[in-house]
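Structure, please.
(4 chains)
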Number of protein chains: 4
Amino acid sequence: MTEIPNILASRYASPEMAAIWSPAGKIIRERKFWLAVLKAQQELGLDIPQEAIEAYQSVLEHVDLDSIRRRERLLKHDVKARLEEFCALAGHEHIHRGMTSRDLTENVEQWQIREALQLVRRKAVSALLALSGPAEEWKGQVLTGRTHNVAAQPTTLGRRFAMFGEDLLLALNRLDQLIENYPARGLKGAVGTQADQLAFFDGDAAKVEELETRVLQHLGFKNLLIAPGQIYPRSLDFEVVGALFQLASGPGGFATTLRLMAGQELASEGFGKNQVGSTAMPHKVNCRSCERIAGFCTLLEGYLAMTAKLSGSQWNEGDVSCSVVRRVALPDSFFVIDGLLETFLSVLQNLEVYPEAMARENARYGPFLSCGAILTEAVRNGVGRETAHGLIKEHALAAVKDLRTGKTEKNDLIDRLAADGRLELTPEKLKSIVGQEDELIGLAVSQVDAFNSRLASWKTRFPESSSYVGGDIL
Amino acid sequence: MTEIPNILASRYASPEMAAIWSPAGKIIRERKFWLAVLKAQQELGLDIPQEAIEAYQSVLEHVDLDSIRRRERLLKHDVKARLEEFCALAGHEHIHRGMTSRDLTENVEQWQIREALQLVRRKAVSALLALSGPAEEWKGQVLTGRTHNVAAQPTTLGRRFAMFGEDLLLALNRLDQLIENYPARGLKGAVGTQADQLAFFDGDAAKVEELETRVLQHLGFKNLLIAPGQIYPRSLDFEVVGALFQLASGPGGFATTLRLMAGQELASEGFGKNQVGSTAMPHKVNCRSCERIAGFCTLLEGYLAMTAKLSGSQWNEGDVSCSVVRRVALPDSFFVIDGLLETFLSVLQNLEVYPEAMARENARYGPFLSCGAILTEAVRNGVGRETAHGLIKEHALAAVKDLRTGKTEKNDLIDRLAADGRLELTPEKLKSIVGQEDELIGLAVSQVDAFNSRLASWKTRFPESSSYVGGDIL
Amino acid sequence: MTEIPNILASRYASPEMAAIWSPAGKIIRERKFWLAVLKAQQELGLDIPQEAIEAYQSVLEHVDLDSIRRRERLLKHDVKARLEEFCALAGHEHIHRGMTSRDLTENVEQWQIREALQLVRRKAVSALLALSGPAEEWKGQVLTGRTHNVAAQPTTLGRRFAMFGEDLLLALNRLDQLIENYPARGLKGAVGTQADQLAFFDGDAAKVEELETRVLQHLGFKNLLIAPGQIYPRSLDFEVVGALFQLASGPGGFATTLRLMAGQELASEGFGKNQVGSTAMPHKVNCRSCERIAGFCTLLEGYLAMTAKLSGSQWNEGDVSCSVVRRVALPDSFFVIDGLLETFLSVLQNLEVYPEAMARENARYGPFLSCGAILTEAVRNGVGRETAHGLIKEHALAAVKDLRTGKTEKNDLIDRLAADGRLELTPEKLKSIVGQEDELIGLAVSQVDAFNSRLASWKTRFPESSSYVGGDIL
Amino acid sequence: MTEIPNILASRYASPEMAAIWSPAGKIIRERKFWLAVLKAQQELGLDIPQEAIEAYQSVLEHVDLDSIRRRERLLKHDVKARLEEFCALAGHEHIHRGMTSRDLTENVEQWQIREALQLVRRKAVSALLALSGPAEEWKGQVLTGRTHNVAAQPTTLGRRFAMFGEDLLLALNRLDQLIENYPARGLKGAVGTQADQLAFFDGDAAKVEELETRVLQHLGFKNLLIAPGQIYPRSLDFEVVGALFQLASGPGGFATTLRLMAGQELASEGFGKNQVGSTAMPHKVNCRSCERIAGFCTLLEGYLAMTAKLSGSQWNEGDVSCSVVRRVALPDSFFVIDGLLETFLSVLQNLEVYPEAMARENARYGPFLSCGAILTEAVRNGVGRETAHGLIKEHALAAVKDLRTGKTEKNDLIDRLAADGRLELTPEKLKSIVGQEDELIGLAVSQVDAFNSRLASWKTRFPESSSYVGGDIL
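Residues are numbered from 1 along each chain as shown, chains lettered A, B, ... in the order given. Okay, here's the model as predicted:
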């Protein structure tokens, strides 16, 4: 039978993320964990020969997946298979003392999660910084803002980018808090009471606690759970995938909106280098990467549902109903968010903007968007408010009808109003009102500035993130 | 980088299911589809040399994944890569005429889905038949039925199995209807209008329709969509995964209940052959396979959420937001349901039942469950209803208190009632009431018979399913 | 405290749907069920006085919710409260004999579900018929079909409607099958063994079955479960809400696409009667009803998740973990689908189409969409294929660039190609190729005809559905 | 038609929570918001008469829902209906200047959310403190810990409570951070650029910002979004419901485990005051409140799915696809979590524990759980390790078989081992090993102490929460 690859890892995720979750990577991590415990046990006075430690150390990276698989088929126990393999390679039987399987797997999986979260954080910072460039570049580019997908009020292109950027920034703050608070389960034994290590250390509670602290600090954890059962609360897995899902929101909205803009020919995600468009349809620049981002959001929603169902349904000190779910949902969620951020970076790099098309759209809708200001001016000139209102409405409805039926190609509302003497408005005055784009965009520019200034501290914390532009995507 | 395998395919699904979704399997299926179109085009009068058909035919199974991958990295278009590879192997360029990528991929994926559904149907029939054995065997085994997880009324073990079996049967009927009605998208072209094939056949609509019919019948489809866009409605994917999810309900309830029964030591999923229990805890027979079934249900719920989000959100004639989602959710759903049914079959094969434990439980709760009948008898003997009611309640509350506090080990309510002269009931009479298990289980036995008789037609339709017992599971 | 209304029932659902699920409606239904059992018990020989039946009958519709609520606060048991109220009103105590609470509530809820499903089916037929009108009317209206939200190939407006209509039709067929197969739980007693009715009929199994059959047929059920526990399998609730969700797919895709079309000013959902547009922005016709349809789809997805979680997680013969979930998810799902169909009908009634805008869009993209046909013609005239291809591509890219940068307002590709002598194509020839819309739309028209002909049998089955146009929506 | 109440609000939520979301409550909140803006506009120099402010103030609480409903039916615009009603009551038309509907509704809804979150936080603290009591009380009560629902290792009852308590504590920390960081959208106008207020203040950006700051601080917000569109990012709604869902995890696991314990007769949720048990089945104390908690978790999962679908799918500057979803999912989520916490508090108050039953269970499993220690002792006495291992295993398997088949009623492994001279173990020694419960429970007691000490700061911050015991539940 042909081996079936994990499509998310092989097509979309970066090598760094794949390495965290690869079978060999996990095995090496487990061995490092066993060694960390072994060394700490030795330091705390247990009789463990130095040569055993060195023997284990020397075979740490000798990973033979086939050999392990053969052992598992015999033993029907995956942890035991990996334990026996490592011992056989080292020629010693010192590791795993006072430990249950979960002491190994829970902590190692949390270690993987933590590193994966940190990788995601770095990449999210890169994405934010990559977005801040076009936000700055186009902060003054007037754009017809839309609500209900219909022209509503002017905004700027840069501000639209900042809008989605702020969504991402909120999620990044959330992710950051999660990473800082994320607690490890620790070496708690079969039902969490630490009875096994306690027996091992002849009832010396202080040593048991010291052992646990040393090992977990070694892995980079600052926080430890107090009283978990066999397993850490699965609400933590939900929280992790929830934070990833939230992180997808900004790019998701951005991608959806770029697909809409491409449909209006205002902007597009461009082509990758070397990519050629269709000869038959040279106008067609598909937002396939943005569509993929939407697909990634959908996937995350599904993985979120999986982890949600694990949360709050623990039986007693724990069981393994969650096992197959976590084997799938945890790595796959990380592959998805990683692929999503890579795709988002690629879109930002190849982004194409068509300012002329924006100008045309502004011209088409501008006069309608200025009706309020025109009314104010007419009243200022002495025309009665209700009279002016009625006249403007009449002309506006006629103008929109002619536009829609193709009778006119350009919005001629200004000409109509200028031609109607009752409104007492000169063509020049009308044009100046419609043309005051600087006022019509409100505080758009300073909002972009405020957004970008919020990114400074992130740039400082993660200096290498500003230069990361993402890998090549399919 | 180490390749990351699809864990669901490699650990849980059967080789038959993996074969349907393997990369090589899909490529061969695509080639068969191209050939079916090519042959039909030839039959309908297009000028296609016989030797070209033969050339394609001869290289059908030469699948070189690496070569295709190299092409895709260059072209950034997966269908084109596979098209060029097949043509290069055959030394001809005749396939894919008048077709768009989706004409290929939509239909081939639906073909995979249909075959996978058929495999699932066969296996679900096997599961039902495997369940009917123990249902029959234990149909008279009295068991304390529970509601709210608390003893409620007697039932029988076989009837409990039939209860979950009927849930599975409902879902099988549903799946069966889906398979019979499932429509193919057909050769509809870029936006669904069949314009491309129509141009190719010089406007001959009859030939266009005949071509489509022939090709789809060749794949085993009886139904064709009329007016899909570039894609078939994604509500169909939701319907498919929904049917799979529903199919998991019966095994899911069974597995949850077996975990509960194991906790009471009434039954267990047993050990696989060669599997040895823990020395330290010889009483411990973990329901790990049943827990895994619960995990599979959770996974399916997540994949269902993914396909649900695709349903009803089509933009115009379609886009590829769904692409990455379907690449994951469709095969993975099928791997899960396949693994779930394999696991369920394994549990049924190794099932252990402890009738003595059931008898002990019946003894513990029996007298309480008979209070109603005892009351009736007391009244029949002339004791006032309210008097009798008060006396029974008083003794019952005392009996339960003593049981719970460990003062007594056996339910002595009958002795207490017999000792209370006011109730006018002899110990013999009381014992006979409590002992009338045949009446207390109501129609449990005939319900099991009725359930099993419903399976006859399935056995006839799928004769090979009754002998399938599942593969070896991890 | 202010009472909080169910917003879905009060703002969106029709009075017919609200009546099915109203507190008073449910109470009357329960009373009818009790009476149906009582009459059948009498017919089958139990000693039940005719005057008791008449007394219950006479107070059937006297519903005093406050009185029932007072009883419940005292008894902490909702069924008992309603039972005592009914008996107090009738002055008799004959109902509920041999029944448990679930014998009442399961069957009555299934009765509500079945009626609600039937109402939904009628309304879905109305929606389909309401859609067939515009599909027919606009079946020849050429429209630029889009994939990836970008112009792809011509289609027709009517065909686009038929595309979403077929999605709805698939779901309607599914719903229809569900209604026909939907099985009632029946009078099965506390753990499903029918022990209580059996005792009541002195062990006469035939009478027990006859009683159950009569009562359920009375409610319109053709199918009965064989061996449910205290509850019917919750997979049935999932199946029901799944069918409703699937029914939303067609309207969902339609609504999303209409929002996109409104953004392009090709069509809009119009205004309701009396509704006035914004004076300030007279061009603004918001697709708020279509947006609401999208919101309804999202709600259904949530209710689906709720019922999914109940499916496959039964403990033993059942518990009430599902109770609060079903109190919410079942009525609310039906309110949503009902509101969705009402909203969809309203959109179809007020639909506005702008053929001139479509013509303009076709003109803009037409020449690009014809590049393939032009290439064929050039080759036919003797120009080398690669030469012709290169020339067309060069001109096309220049044309699209000028369009996008606003240098040109109309697609002038035809002029450019005509001016290039190397292609040997006259302006007349080129224009005729681009203008052959009848061919470019393929079989769009006949597809619409085929779609509409599928609706005939539904019209015959539900004659009143073709005249139902929906209520007034907010 | 009968009005249909919101069942979650009327049956489960507390009056405090219902008040936050009641129609009248929302209207009063909106009026307060309008007034806050009006006062700030006056302070910042706009010409607003003091008497208008007073007039609005005087009618703030005159809420006539029917009158508002009549206005909405006419206007088909809910905000406008409420605006006109308020102005008509006050006899002035000064409010809502420079505001769009969303300036009102977004901020008011966020205000509701924030207050509801604060109420939930207080109640979660109460729940934690209510749990700390029994955790302390039973911290030394030895209990057979279970994994896979099967006896595994001793723990204590109090520690089991602390285990679920820590899950709740993690979620409370998360909720707390959310409340502290939760940002308001602010007065941003139609597309978020603040153009309307800017025009109103003649381009004075400083005043526009000051206005916004004053109003939002007035509502208690410390954080403001920089550049939202018409709407705040819907990822915030997801984050809110996600935090509520996470909060349900601890109580959810507790409730599931209590249902399991009730099935073993180790503990129960007891009866409420005045509640009477079933006469027929006096042993039956249903965990209906715990089952309800499970149901609440399921509901939250559904509402989470709804908000998840809104996240990351924004079109341009926003639309109202989310409107109907948020009308349902936001209040209903809060009603659910509020009802869940009330129910949890009620369970904790009525909790019944049966220490004798625990002792019996410990006796049954104790000898098995001590096999490891016995082996060590035998080896210490000079018996070969493998010999000892084989002997213990043989006796253990025999003991478990006799127990399961009912041949013995008590675990007699110790007697068997004592009788086997080959093991060199006296009955006294064996009993002392099995009886060393203090050692077998490891650090359970100090873990409970550590858990309880973490609650001190919460008690200090929310002193009133320790006395809140919850309302009366149905």
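
hmm, who's touching stretch A:95-107?
The contact list for stretch A:95-107 (Cβ atoms under 8 Å, 6 or more residues apart in numbering or on different chains) reads A:30, A:33-35, A:37-38, A:41, A:46, A:56, A:79-80, A:83, A:86-87, A:184-190, A:196-197, A:199-201, A:215-216, A:219, A:230-232, A:318. Every residue, glycine included, has its C-beta placed from N, CA and C.

Any buried residues in that stretch, and which?
A:95-96, A:98-107 (16 or more other Cβ atoms under 10 Å in any protein chain shown).

Tell me the secondary structure at residue A:425.
Assigned with DSSP: H, G, I helix; E, B strand; the rest coil, residue A:425 falls in the coil class.

typo on my end, residue A:459
Under three-state DSSP, residue A:459 comes out as helix.

roughly how far apart are it and residue A:284?
37 Å (Cβ to Cβ, to the nearest Å).

Mind checking which of the two has more residues around it?
More crowded of residue A:459 and residue A:284, by other Cβ atoms under 10 Å in any protein chain shown: residue A:284, with 19 against 14.

Three-state assignment for the more buried one, please.
Of the three states, residue A:284 takes coil under three-state DSSP.

quick one: low-confidence parts of chain A?
Residue ranges of chain A with pLDDT under 70: A:1-2, A:271-283.

near chain D, which residues of the stretch 301-450 of chain A show up?
Proximity of the stretch 301-450 of chain A to chain D is confined to A:301, A:304-305, A:308-309, A:311-320, A:373, A:439-444, A:446-448, A:450 under the rule Cβ under 8 Å from any Cβ of the partner chain.

Inside helices: which ones of the residues you listed?
Cross-referencing those against helices under DSSP state H gives A:301, A:304-305, A:308-309, A:373, A:439-440, A:444, A:446-448, A:450.

Among those residues, name the buried ones.
A:301, A:304-305, A:308-309, A:373, A:440, A:444, A:446-448.

could I get those as TSV with distance to chain B?
Formatted as TSV, these follow (distance: Cβ to the nearest Cβ, whole Å):
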residue	distance to chain B
A:301	6
A:304	8
A:305	4
A:308	9
A:309	5
A:373	35
A:440	30
A:444	28
A:446	35
A:447	30
A:448	29
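
a helix runs through residue A:155, doesn't it?
No - counting by three-state DSSP, residue A:155 is not part of a helix but strand.

what's the spacing between it and chain D?
As judged by Cβ to the nearest Cβ, to the nearest Å, residue A:155 and chain D stand 5 Å apart.

does that residue really touch residue A:443, like I thought?
No - under the criterion of Cβ atoms under 8 Å, residue A:155 makes no contact with residue A:443, lying 10.5 Å away.

Of those two, which one has the most company?
More neighbours surround residue A:155 than the other of residue A:155 and residue A:443, with 29 against 23 (other Cβ under 10 Å).

hey, what's that one bridged with?
Beta bridges link residue A:155 to residue A:143, judged by DSSP bridges.

which residues sit in contact with it?
A:142-145, A:441, A:444, D:191-193, D:317.

Out of the residues you listed, which is nearest to residue B:351?
residue D:317 (60.4 Å; Cβ to Cβ).

doesn't residue A:163 make contact with the closest one?
Yes - here residue D:317 reaches residue A:163: they are 7.3 Å apart, a contact under Cβ under 8 Å.

intersection of neighbour lists for those two?
Counting by Cβ under 8 Å, 6+ apart, the residues touching both residue D:317 and residue A:163 are D:192, D:229.

Which one's more surrounded, the two?
Using other Cβ under 10 Å as the criterion, residue D:317 and residue A:163 rank with residue A:163 on top: 32 against 27.

Name the helix or strand for the more buried one, please.
Using DSSP states H and E, residue A:163 maps to helix A:157-181.

partners of the helix or strand following that helix, with directions?
Downstream of helix A:157-181, the first helix or strand assigned by DSSP H and E is strand A:183-184. In the sheet, strand A:183-184 lines up against strand A:223-224 (parallel) (DSSP bridges).

and the helix or strand following the strand it pairs with, is it in reach of chain D?
Using DSSP H and E, the helix or strand that follows strand A:223-224 in sequence is helix A:235-247. Yes - Helix A:235-247 comes into contact with chain D (Cβ under 8 Å from any Cβ), by way of A:235-236, A:238-239, A:242, A:245-246.

In terms of distance to residue D:387, which of these ranks first?
Nearest to residue D:387 among the residues of helix A:235-247 next to chain D: residue A:236, at 44.9 Å, using Cβ to Cβ.

Number of residues surrounding that closest one?
26.

In contact with it, which residues?
Residue A:236 touches A:182-183, D:170, counting by Cβ under 8 Å, 6+ apart.

what's the answer for residue A:250, then?
By Cβ under 8 Å, 6+ apart, the neighbours of residue A:250 are A:164-169, A:171, D:233, D:235, D:312.

Could I get the full set of strands for the stretch 51-200 of chain A?
Ranges of strands in the stretch 51-200 of chain A, per DSSP state E, counting those that start in this stretch, are A:142-147, A:150-156, A:183-184.

any residues in contact with both of residue A:155 and residue A:443?
By Cβ under 8 Å, 6+ apart, the residues touching both residue A:155 and residue A:443 are residue D:193.

how close does the spatially closest residue to residue A:427 that is not a sequence neighbour sit to residue D:72?
In this structure, residue A:427 finds its nearest non-sequential neighbour in residue A:418, 4.1 Å apart by Cβ to Cβ, 6 or more residues apart in numbering or on different chains. Residue A:418 is 39 Å from residue D:72, where distance means Cβ to Cβ.

Within range of chain D, give me the residues from the stretch 51-200 of chain A.
Counting by Cβ under 8 Å from any Cβ, the stretch 51-200 of chain A comes close to chain D at A:145-149, A:152-155, A:159-160, A:162-167, A:170-171, A:173-174, A:177, A:181, A:183, A:189-196, A:198-199.

what's the single longest helix in chain A?
Taking DSSP H as the criterion, chain A has its longest helix at helix A:101-137.

Next, the angle strand D:142-147 makes with that one.
Between helix A:101-137 and strand D:142-147, the angle formed by their directions is 60 degrees, by axes from the mean of the first three to the mean of the last three Cα atoms, to 10 degrees.
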